[in-house]
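J.: fold the following for me, if possible:
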Amino acid sequence: MDGRLRIGTRKSAMALAQTEEIARRLTASMPGLEVEVVKFDTTGDIDQTSKLLPHGGKGGAFVAQIRAAVLKGELQAAMHSLKDMPGNEDTPGLVIGATLSRDPPGDVLVLRPGLSVEKLQRSRGKGLKLGTNAVRRAAYARRLFPDVEVIHFRGAADTRIRKLDQGERQRLPDGGAVGPADALIMARSGLERVGLAHRIAYEFAAAEMLPAVGQGIVAVECAAADWRTRELLSSIDDADARACADAEREVLWVLNGHCNSPIAGFAEIKAAEMLLRASVLDLGGGVIIEASRTGLASRPRELGRAVAFDLLAKGAAEIIERSRPR
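T.: Here you go, the predicted structure:
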């Protein structure tokens, strides 16, 4: 199929690597198609000191600007990391046209030179600073390393590691700074995308740190009424990744989880069955509610709703409400 497709993406190394993979798959599937990558400086990329909440969470910081360009017809598609896309709200006029096959979804530990996993575990983190901007990772970190100081830490994957290695402090919006960090918790998939997988010191099992909803899945969004683009994107859609995404995001939808809620969800498919695990934590990591169910992989949203209602029955709504910004 001949033609041209303009796809928007962030300028970070990881986002560009993800978008190049989309382009490669599209042109392999549709010989003659020309893919133009349009790079955006999103709010979250420009402001690397503030927490994401003032920008509307990850959705406002990394997604909104590119979505607006699709809705205006300036782009045919937009690349997003699925975990950055709000799951508790619809965006009228847009649909996810494709989900790529899932990359490794787990979280990993990256350490400054001279620090070992054994020392971190033995000390329970006492006297050490662990950097992350994700409330879910921060809550789990406080459970795993009760004496660690969790600090606000921003930047693209390669930028964060550079700051870790150079002992650079994280600037704050009020002019102050925190750090430097001794360790970081990051997504394995992101490190692999930018060629930094060798920095992984430890990979957390799902039982230790359940991944974020959609972590490791690249989503391609387009206009709901643009049937030509939807047809193009359908050629690279991975059915298993889409089913897992549907189940996990249904949990967020039912819980009405916001960007300050430590919520995790992870689905796995084996043959015709899907196992879905989800959890809700308080910000301090001292309270955790967990639920899991197995169901038909062909009915992922139904399974997601059932797991979300299990969490609600155990008191998840109260925890989420307490974490809501006042």
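J.: low-confidence ranges in the stretch 201-326 of the chain?
T.: Applying pLDDT under 70 to the stretch 201-326 of the chain flags residues 258-259, 326.
J.: and the strands in it?
T.: 218-223, 263-270, 273-281, 288-296 (DSSP state E, counting those that start in this stretch).
J.: pick the most buried one from these.
T.: strand 218-223 (a mean of 25; mean count of other CB atoms under 10 Å). Every residue, glycine included, has its C-beta placed from N, CA and C.
J.: by contact count, what packs against that strand?
T.: Packing partners of strand 218-223 (3 or more CB pairs under 8 Å, 6 or more residues apart in numbering; DSSP states H and E): helix 13-29, helix 64-71, strand 77-81, strand 94-99, helix 227-234.
J.: so which of those is nearest residue 110?
T.: helix 13-29 (14.4 Å; CB to CB).
J.: buried residues in the closest one?
T.: 13, 14, 15, 16, 17, 18, 19, 21, 22, 23, 25, 26 (16 or more other CB atoms under 10 Å).
J.: reformat those residues as CSV; add distance to residue 189.
T.: Formatted as CSV, the buried residues of helix 13-29 follow (distance: CB to CB, whole Å):
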residue, distance to residue 189
13, 13
14, 9
15, 12
16, 15
17, 10
18, 9
19, 14
21, 11
22, 15
23, 18
25, 16
26, 20
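J.: ok, so of those residues, who is nearest residue 150?
T.: residue 14 (22.6 Å).
J.: is the closest one in contact with residue 155, as I believe?
T.: No: the pair residue 14 / residue 155 is not scored as a contact, 11.2 Å apart, by CB atoms under 8 Å.
J.: all helices of the stretch 1-150 of the chain, in order?
T.: 13-29, 43-46, 57-58, 64-71, 117-123, 135-144 (DSSP state H, counting those that start in this stretch).
J.: so which of the ones you listed gets nearest residue 250?
T.: Closest to residue 250 of those is helix 135-144 (CB to CB; 17.6 Å).
J.: I'd like the mean pLDDT over that closest one, please.
T.: On average, the pLDDT along helix 135-144 is 95.
J.: any idea how far it is from the chain center?
T.: Centre-to-centre, helix 135-144 and its host chain are 15 Å apart (CA atoms, centre = their mean, to the nearest Å).
J.: with stretch 299-312 instead?
T.: That offset, for stretch 299-312, works out to 20 Å (CA atoms, centre = their mean).
J.: ditto for stretch 108-125
T.: 24 Å.
J.: where's the residue most central in space within the chain relative to residue 96, distance?
T.: Residue closest to the mean C-alpha point of the chain, counted by CA atoms, centre = their mean, is residue 83 at 2.9 Å. Distance, residue 83 to residue 96, using CB to CB, to the nearest Å: 13 Å.
J.: and residue 271, how many neighbours does it have?
T.: Residues near residue 271, counting by other CB atoms under 10 Å, number 6.
J.: and it, what is it in contact with?
T.: residue 297 (CB atoms under 8 Å, 6 or more residues apart in numbering).
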